[in-house]
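> A structural model of the following input is requested.
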Amino acid sequence: MKLSGWAKIDVDAFDEEDESFYTQTVSPTDYFHLQPPLLISSPLLKVSWRWLFEGQEVFINETHYISTKGDLVILKAQGHFGSYQLEADSEKGAAFSEKYSVIEGKGFSPSPDFSIVLRPKDITINPKISTSAIFECVPSLYGRYPAEIKWFLDGKALIIDERQIRTEHSNRRLVINNVMELIKNGIHSAKIRCEAKTAEEEFIQFAEAHLEIIEKPEINRDILPSETSYPLGSSIKLECKTTKAWPRARFQWYFNKEKVSVNYYL
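Numbers count the residues shown, from 1 in each chain. I've put the predicted structure just below:
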C-alpha cells in the first residue's frame, strides 16, 4: 500500500490498483464509468465522495452521476476527456486516489444501445446497525430527453411519499428510510426492481437487486431447560429451537465446553 502523497499517514487510504484500472479509452458518443479503488477502512465508517475533473469538482446533473459508493458515471464522453481524481472524506481524514485518464477513442463508433449503466446492488440489512437502504439505477442517454425511471418492490410499484420512501436525482436514487416498516413482519427478503423507459417509449430496460434482512437467533427457552437431571447410564433427548433467525440458524451442541459430535456417548 502506497502512502506517499497523503496529507496524513494515519487516515484511511486507497489500496493499490494496476495502472490499467485508471485508464479508459472511450468513444465520444459513449458513456464511461469510473469505479473507486478499494478504500482501506472500517466497514461502518461514513464516507463522502468528491470527484475532480482537471482539478475542478464534478457535480451530479443529467449527464453526470456520483453514487453513494463513489462511482462516477459520465453518460456522454464528448467534452469530458482528461484527468479525474477521487477524494474520500471521513471523520478520520481524507484520502486521494491516483489520477484516472479518460482518452478519446479514434475512428467511427456507433451510438450505444439504451441500457442501464449503473445497476442497483444487493443490500443486507442488520436492524441492530441500520434500517435504511439506498438503491441506485442510472440508465444511458437515448433520444432528446432523459429516460423515465420507476421503482418496484416484489413486483409492486413503490409509492414515493417523500417521508418513508423518497427518490433523488431524477429518480436515479431510491432511499428507503425504514425497511422494517416497508416489508411485512416475518419476511426476510424482497426484490427491488428499477425500470427505465426512453421518453419516446421505444425501449424499456430493467435491473434488479436483492434486499435481505438478517435476524439474530433467539433460543426458545421454554423447550430447553437450563438444568435437568437424569440417572447415570440413561438416554436423554434435548431439543433446541430458535424463534428468530435469518439466515436459518445452524446448531452446535457442547458438553462440558467441548463440541458434541454426531455420535456421542457419555
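> residue boundaries of the helices in the stretch 51-200 of the chain?
179-182 (DSSP state H, counting those that start in this stretch).
> which residues of it score low on pLDDT?
185-186 (pLDDT under 70).
> mind running it again at 80?
Scanning the stretch 51-200 of the chain for pLDDT under 80 picks out the ranges 92, 107-109, 111, 183-187, 200.
> contacting residues for residue 204?
Contacts for residue 204 (CB atoms under 8 Å, 6 or more residues apart in numbering) come out as 195, 196, 197, 198. Every C-beta, even on glycine, is put in place using the N, C-alpha and C of the backbone.
> any chance of the residues you listed in JSON lines, with neighbour count too?
Converted to JSON lines, the contacts of residue 204 look like this (neighbours: other CB atoms under 10 Å):
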{"residue": "195", "neighbour count": "19"}
{"residue": "196", "neighbour count": "25"}
{"residue": "197", "neighbour count": "18"}
{"residue": "198", "neighbour count": "20"}
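> Identify those among these that sit within strands.
With strands taken from DSSP state E, the overlap with the contacts of residue 204 comprises 195, 196, 197.
> now, among these, which is nearest to residue 138?
Using CB to CB, residue 196 is the member of these that sits closest to residue 138, with 8.7 Å.
> Which strand residues bridge that closest one?
On the basis of DSSP bridges, residue 196 is bridged to residue 149, residue 205.
> hmm, back to that, need the ones in strands among the contacts of residue 204 in a markdown table (columns: distance to residue 228).
A markdown table is the format used below for the ones in strands among the contacts of residue 204 (distance: CB to CB, whole Å):
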| residue | distance to residue 228 |
| --- | --- |
| 195 | 57 |
| 196 | 61 |
| 197 | 64 |
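> domain parsing for this structure?
Split into domains by automatic domain parsing, the chain comes to 13-104, 116-213, 217-266.
> how about these in TSV, adding distance to residue 110?
Output for the domains of the chain, formatted as TSV (distance: least, CB to CB, whole Å):
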stretch	distance to residue 110
domain 13-104	8
domain 116-213	13
domain 217-266	46
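> Any chance you could list what contacts stretch 170-186?
Contact partners of stretch 170-186, identified using CB under 8 Å, 6+ apart, comprise 62, 65, 68, 120, 125, 127, 131-138, 146, 148-151, 153, 158, 163-168, 190, 192, 194, 211, 213.
> Quick one: buried ones out of those?
65, 120, 125, 131, 133, 135-138, 146, 149-151, 153, 158, 165, 167, 190, 192, 194, 211, 213 (16 or more other CB atoms under 10 Å).
> Give me the subset of those residues lying in strands.
Among the buried ones among the contacts of stretch 170-186, the ones falling in strands (DSSP E) are 65, 125, 133, 135-136, 138, 149-151, 153, 165, 167, 190, 192, 194, 211, 213.
> rewinding a little: now, which of the contacts of residue 204 sits nearest residue 51?
Nearest to residue 51 among the contacts of residue 204, counting by CB to CB, is residue 196 at 23.1 Å.
> Now for that closest one: which residues touch it?
Residues in contact with residue 196 (CB under 8 Å, 6+ apart) are 114, 116, 137, 139, 147, 148, 149, 204, 205, 206.
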